[in-house]
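Asker: Here is a sequence with its predicted model. Questions after.
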Amino acid sequence: MTSVFSSVRRLLAFSLTALLLGGTLLAGCDFLDKDPKGQLTSENFFTTPDHAVQATNATYSMLRDWQVHVFAWLGVTSIASDNATKGSTPSDASFLLELDNLTFDAGNIAFGGVWSGYYSGIYRANVAIQNIPGIDMESQRKTRLLGENRFLRAYFYFFLVRAYGGVPKITEPLKPSEFDTQTRAPQDSIYALIERDLEFAIDALPSRSQYSAAQKGRVTQGAARGLLAKAHLYQEEFDAALQHAEAVISSGEYSLLDDYFTIFRPEGEFSSGSIFEVNNAALEAGGGSSQYPQVQGVRGTPSLGWGFNQPSPDLEQSYEPGDPRQQATILYPWETTPDEAKAPVHINPNIPNQRYNEKAQAPVNTPGGSGNSTVNIRRLRLADVMLIAAEASARTGNEAQARDYLNRVRERAREGRSVTLGITPEQMATELATTLGLSDDGHVFARYAKPPAAAAGVETFRSSFREGGSPLPVQVETAHIIEAVNGTAVTTTEEYVNALEAVSPGETVTLDLLRVSQDAAGSTSTQDVSVDVTAQPLLPDVQSSGQQLLRDIWHERRVELAMEQHRWFDLIRQGRAQEVMADLGKDFQDRHTLYPIPQSEIDLSGIEQNPGY
C-alpha cells in the first residue's frame, strides 16, 4: 500500500494544470472550466487573480472527493455508530462490516482512504495559502481567498484530529526530501492550528448576506464561527464554544427553516438554516458531483444507488412518539421517493435492513444517474449550532438558557403541531393501494406506531417481498389505514394533521381504521376497526436539569442530525460510546476512542500507532 505522503509527493511530478484544473471546479454557481492557455507550471502559475480563484476552487473540489465525503468516510462517521448499519448485501464491502461490528484493525482500508483524502485536501489548501499572497490582486479579494483556504484546511484537520488524535501537522507544501520525515504533532497542537485558521477566516470572510447568489457554496464568516464553536466543544472549552455559537445565532444571517423535510430537498439547498454545505451539480460533462448520495441510494427499484449506510432499527426506535423527523430521515419500502417522480421503493430481498437514508436520496431522473447527483452534503446547520449553544450553556451553569436553545430546535421539529397520537402517518402509494384492491381516493396509513396509539391497538406497517405480486411484489402483513379522525374523513396526510389541530393533550380521539392484510398467496382481507386514543403533547418542551438535561440535549442531537455523519464523534466526546454500543451487543473498547493510524503509514514512515492497535 502507498503512503499518503508518497501519494502527495507524486503530485509534485504533475503540472499545476493537473492539480488545480483537473475537472470542473465548483463553488456555488462559480464554474471555472476554461481551458488553460498553454501548460501551467510552478513557474507561470499563481500570477493572476484567476489563478488564485482556480487554486481555491481546487481545494473546494476535494470536498466532493470519494475519499473525503463518500464511502470510507460514511463508514467511520456513521456506520460505526448506533445510527446506521453497513447496508447493501451481507457480503458486500466487508471492510465496512468490520466498522459496523467494531472488529477493525489498522489494516482496514477505510482508514487509509480517509487519511489520504483529507491530507490531499490539506495539500491543496497549503499550495493556495503559500502562493496566493504573491499575486498582484485586490487585497480584500486576496484576503477572502486565503480565508476560504484556511477554513478548509481547518475543516480537514478537524476530521483528522477527531479520528486519529495527534497527526502530522503540515502547513506548507512539502519538499520531496520532507515527506518521509513527518512525525505526529500532539492533539493540542492540531487544535491550536484549527483555531488559528478559523480565527483568521472569521476576520477574512464575508457574511452570508454579503455573497452574491452566484457565490453560494463558498464558506462564510458564520461557517468559520460555527466550526470554531464545535472545535471548542470537542475540547470541552465551553465558554468559548458558547461565545462563537451565540455569535452565529444572533448574527441575523440564519434562521431555522419551518419545514424540516424541505431542508434536504433541492429547494432546501443553502436555505436559511444552512451554514456550510458541499455543493453538487449534475453537469453534462460530469465532474461537478459527489457519489455521496449514490452509495446511500435505494438498491433495487427504483435504482438509485448501492444501499449502504442504512438507518438502524435502534435509530428508528429512538424518536419520540410522532416526531416528524423520523419520516424525513428514514425512507421505507413501499414509500415513494422524496422527489417529483414519487416512485415507490421496492423491498430488496437481498438486503437485511429495509431502511434508507432519506436525506441523501438522489432524484430518480438525475442526468447521468445517481452518481452524477445534485444532492448537496449538509455539513453544518443552525440547529447543530443551537444545540452546541445548549450544551455549552448547560456545562457553564446556565440551564435556563440551555433549555431555551434546546426547545427552539424542538419547536421547529413540531412544524406547528401541538399533539400526537404516536403515529407516523404516510400517504399510501397508488401502486400499493392497487395491489391491495383499494380505491384510488387516497389513503393514509400508520407507517410507525408508538404509544399512545400502539397501546390502543394501532400497529406499525409490516410487509415482505412476494415474488410475482402485481403491480408491486409485496405481501402486506399488516396495514392500518386511517379512514377518519373523530368522524372527519381522512384521505391525505395533510388532512390527518389538520384533523388533530383542534385536539388538546389529554383528549380522547376516535380513529376509524381499515385493517388490511394479505396471505402468502396475495389474497387480501380487511376489517373495520375503531379505537380510542388519548392525545399527548408532540415533542413537549424539555424541563429537565442536571445530567438529565445533558442527556436530553444529546438525544436531540441524535434525532435532529441523524444520518448527517455526526453521531460517532458525538458519542466519543460525550464518553458514552461504550455504554451505547454495549446496548447493541457490540464490544467497544478503550482503543476505539481513536481510530488506528493506517498500517500503510506505519510501515512506510514509521510514525507512532495509537494505543491498542
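Answerer: Cool, the structure landed. Numbering: from 1, shown residues only.
Asker: what about dumping the CA coordinates of stretch 573-585 to PDB?
Answerer: Extracted in PDB, the C-alpha atoms of stretch 573-585 (Å, rounded to 0.1, in the frame of the first residue of the first chain):
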ATOM      1  CA  ARG A 573     -16.600  13.100  23.100                       C
ATOM      2  CA  GLN A 574     -19.600  12.500  25.400                       C
ATOM      3  CA  GLY A 575     -17.900   9.500  26.900                       C
ATOM      4  CA  ARG A 576     -20.900   7.300  26.200                       C
ATOM      5  CA  ALA A 577     -19.700   5.100  23.300                       C
ATOM      6  CA  GLN A 578     -19.100   2.000  25.500                       C
ATOM      7  CA  GLU A 579     -22.500   2.300  27.200                       C
ATOM      8  CA  VAL A 580     -24.400   2.900  23.900                       C
ATOM      9  CA  MET A 581     -22.600   0.200  21.900                       C
ATOM     10  CA  ALA A 582     -22.900  -2.400  24.700                       C
ATOM     11  CA  ASP A 583     -26.700  -2.000  24.500                       C
ATOM     12  CA  LEU A 584     -26.400  -3.100  20.800                       C
ATOM     13  CA  GLY A 585     -24.200  -6.100  21.800                       C
END
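Asker: oh, and call the first residue 492 from now on, that's how I've got it
Answerer: Let's use 492 as the start, then, which means that last one is stretch 1064-1076.
Asker: What's the mean pLDDT across that stretch?
Answerer: Across stretch 1064-1076, the average pLDDT comes to 97.
Asker: Can you mark which positions in it are buried?
Answerer: Within stretch 1064-1076, the residues scored as buried using 16 or more other Cβ atoms under 10 Å are 1065, 1068-1069, 1071-1072. Any C-beta I mention is one placed from the backbone N, CA and C, and that applies to glycine too.
Asker: measure stretch 959-969 end to end?
Answerer: Taking Cα to Cα, to the nearest Å as the measure, stretch 959-969 stretches 19 Å from start to finish.
Asker: which residues sit against it?
Answerer: 824-825, 835, 837-838, 922-923, 925-927, 950-958, 1006-1011, 1013, 1015 (Cβ atoms under 8 Å, 6 or more residues apart in numbering).
Asker: Buried subset of the residues you listed, written for PyMOL?
Answerer: Buried residues within those, by 16+ other Cβ under 10 Å, are selected in PyMOL with:
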select buried, resi 824+825+835+837+838+922+923+926+927+950+951+952+954+956+957+1006+1007+1008+1009+1013
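Asker: The contacts of stretch 959-969 in strands, which ones?
Answerer: 953-956, 1006-1009, 1015 (DSSP state E).
Asker: Of the residues you listed, just say which sits nearest to Leu1041.
Answerer: Ranked by distance to Leu1041 (Cβ to Cβ), these are led by Arg953 at 36.0 Å.
Asker: who's that closest one bridged to?
Answerer: Thr969 (DSSP bridges).
Asker: Ala773: what's it in contact with?
Answerer: 779-780, 857-859, 863-865.
Asker: Asp556 contacts Gly608, doesn't it?
Answerer: Yes - with contact defined as Cβ atoms under 8 Å, Asp556 reaches Gly608; the gap is 5.4 Å.
Asker: out of those two, which sits in the more crowded spot?
Answerer: Gly608 (23 against 17; other Cβ atoms under 10 Å).
Asker: Let me know the average pLDDT across stretch 932-945.
Answerer: For stretch 932-945, the per-residue pLDDT averages 97.
Asker: Show me what counts as buried in it.
Answerer: 934-941, 943-945.
Asker: re earlier: is it possible to get JSON lines of the contacts of Ala773 that adds pLDDT?
Answerer: Converted to JSON lines, the contacts of Ala773 look like this (pLDDT from 0 to 100):
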{"residue": "Gly779", "pLDDT": "83"}
{"residue": "Ser780", "pLDDT": "88"}
{"residue": "Thr857", "pLDDT": "81"}
{"residue": "Pro858", "pLDDT": "77"}
{"residue": "Gly859", "pLDDT": "74"}
{"residue": "Asn863", "pLDDT": "83"}
{"residue": "Ser864", "pLDDT": "80"}
{"residue": "Thr865", "pLDDT": "83"}
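Asker: now, the most widely separated pair of those residues?
Answerer: Gly779 and Thr857 (12.0 Å).
Asker: joint contacts of the two?
Answerer: 773, 863.
Asker: Nearest residue to Ala945 in space, please, no chain neighbours.
Answerer: Using Cβ to Cβ, 6 or more residues apart in numbering and skipping the chain neighbours, the partner closest in space to Ala945 is Gly913 (6.2 Å).
Asker: no wait, Ala676
Answerer: Using Cβ to Cβ, 6+ apart, the nearest residue to Ala676 is Lys660, at 3.8 Å.
Asker: secondary structure class for that neighbour?
Answerer: Per DSSP: H, G, I helix; E, B strand; the rest coil, the secondary structure class of Lys660 is coil.
Asker: can you pull the contacts of it?
Answerer: 676, 680-681, 684.
Asker: circling back to that earlier point, switch the ones in strands among the contacts of stretch 959-969 over to TSV; also include pLDDT.
Answerer: Output for those, formatted as TSV (pLDDT from 0 to 100):
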residue	pLDDT
Arg953	98
Ser954	97
Ser955	96
Phe956	96
Arg1006	98
Val1007	98
Ser1008	97
Gln1009	97
Thr1015	97
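Asker: Cool, thanks, signing off.
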